[in-house]
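In: Next come a sequence and a model predicted from it.
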Amino acid sequence: MTPTITLSNGVKQPTVGLGTWQSTPEQVISAVKTAVHAGYRLIDTASGYYNEEAIGTAIKELIEEGVIKREDVFITTKAWTNEIAPGKLEGALKKSLKNLQLEYVDLYLAHMPAATNDDMSQQIPSSVEDIWRQFDAVYKAGLTKAVGVSNWNNDQINRALALGVTPVHNSQVELHLYFPQHEHVDFCKAHNISVTSYSTLGSPGRVDFTLPNGQKLDWAPAPSELKDTNVLALAEKYHKSPAQILLRYALDRGIAVIPKSIHEERIKENFKLFDFSLTQEEVAKLEQSKINQRLFAQDFMIGHPEDAFANERH
């Protein structure tokens, strides 16, 4: 059994899941099946990944084969910037459910705090309060077992909580050794919000990413965490891979992880995290590098009244 984190509404979220960003529909079917057979019980997707239908097919086949029941798996999906625009959310979630062939998802996230029109050519100045009211509504309608946010800052989450409606259950953020997010994690712990880390391995695959329109993004140079001296030393000590050390680092801070892979051996390796743990001293030693670099700047938010990273931009 995968260890779980209990959300503030009692829902149990597995601590390790399969990430599916950049996985094509063909790749993701076999990745999901491999992951579930290896013991994963959380699959993380988003409407913006364009692979919900394939994930739905894989889950349906696994259920039909008797490998799992629906209640055994935790499915997270996310509403993209056009889907959090006023009046759009319920229809967007119903479309995701249709694609996933499910009656509910386990966790539905606002992928970003900045709303746009359909092709992202225009920003829509919808407030996070207005966005969160829509999440409150789909949660109360039973379309999702829990609701949360992704790429929101502490102030934005605070404003959603201040509405006094359904609280934020989970925050999914970029979090890795060289961007440890201590302030955000402490804030979430204080408000009983679980944290899920994306890019826990420093997202080495990000450089291959192309937008749906074929455009490649420019990435700022960043040191590789998989080659960090302290990571390599711990990998040797525990007979684990550098990736397993980086994933365990997040787990030992009480954070869920969703490493993405389409390779069978890597998927299995990324799950073999429960036969060791790091001491507080080892976690502290890992953090001695003091590097604090965000990899995903989400530049499309620049100029939006809800740009979550406005105070970090120069």
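Out: Looks like it came in fine. Numbering: from 1, shown residues only.
In: mind listing the strands in the stretch 151-300 of the chain by residue range?
Out: With strands called from DSSP state E, counting those that start in this stretch, the stretch 151-300 of the chain shows them at 170-174, 194-198, 256-257.
In: Tell me which of those strands sits most buried.
Out: When those are scored by mean count of other Cβ atoms under 10 Å, the highest mean neighbour count falls to strand 256-257 (a mean of 26). C-betas here are computed from N, CA, C, even on glycine.
In: Point out the other helices and strands that that strand packs with.
Out: strand 194-198, helix 242-251 (3 or more Cβ pairs under 8 Å, 6 or more residues apart in numbering; DSSP states H and E).
In: out of the ones you listed, which comes closest to Ser30?
Out: Ser30 sits nearest to helix 242-251 of all the helices and strands packed on strand 256-257, at 19.9 Å, using Cβ to Cβ.
In: Quick one: residues in contact with the closest one.
Out: Helix 242-251 has contacts (Cβ atoms under 8 Å, 6 or more residues apart in numbering) with 15-16, 175-177, 197, 200-202, 225-228, 231-232, 234-235, 238, 240, 256-257, 259, 266, 269-270, 272-273, 276-278, 283, 286.
In: hang on, the earlier thing: mind putting the helices and strands packed on strand 256-257 into TSV with mean pLDDT and distance to Phe74?
Out: Listed next are the helices and strands packed on strand 256-257 as TSV, based on pLDDT from 0 to 100; distance: least, Cβ to Cβ, whole Å:
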stretch	mean pLDDT	distance to Phe74
strand 194-198	98	11
helix 242-251	98	16
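In: With distance to Ala146 added, can I get the ones you listed in TSV?
Out: Listed next are the helices and strands packed on strand 256-257 as TSV, based on distance: least, Cβ to Cβ, whole Å:
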stretch	distance to Ala146
strand 194-198	9
helix 242-251	20
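In: so where is the stretch 201-314 of the chain shaky, pLDDT-wise?
Out: 211-213 (pLDDT under 70).
In: Helices of that one, start to end?
Out: 229-238, 242-251, 264-269, 280-286 (DSSP state H, counting those that start in this stretch).
In: so of those helices, which one's packed in deepest?
Out: Greatest average neighbour count among the helices of the stretch 201-314 of the chain goes to helix 242-251 (a mean of 24), per mean count of other Cβ under 10 Å.
In: how about that one as CSV, C-alpha atoms only?
Out: Provided in CSV are the C-alpha atoms of helix 242-251 (Å, rounded to 0.1, in the frame of the first residue of the first chain):
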residue,chain,number,x,y,z
PRO,A,242,20.0,10.1,-7.5
ALA,A,243,16.4,10.4,-8.6
GLN,A,244,15.2,8.2,-5.7
ILE,A,245,17.2,10.4,-3.3
LEU,A,246,15.5,13.6,-4.6
LEU,A,247,12.0,12.0,-4.4
ARG,A,248,12.7,10.8,-0.9
TYR,A,249,13.9,14.3,0.0
ALA,A,250,10.4,15.7,-0.7
LEU,A,251,8.6,12.7,0.9
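In: Asn270: how many residues sit nearby?
Out: A count of nearby residues for Asn270, using other Cβ atoms under 10 Å, gives 27.
In: what's the spacing between it and Ser261?
Out: 6 Å (Cβ to Cβ, to the nearest Å).
In: Helix, strand, or coil at Thr77?
Out: Under DSSP: H, G, I helix; E, B strand; the rest coil, Thr77 falls in the strand class.
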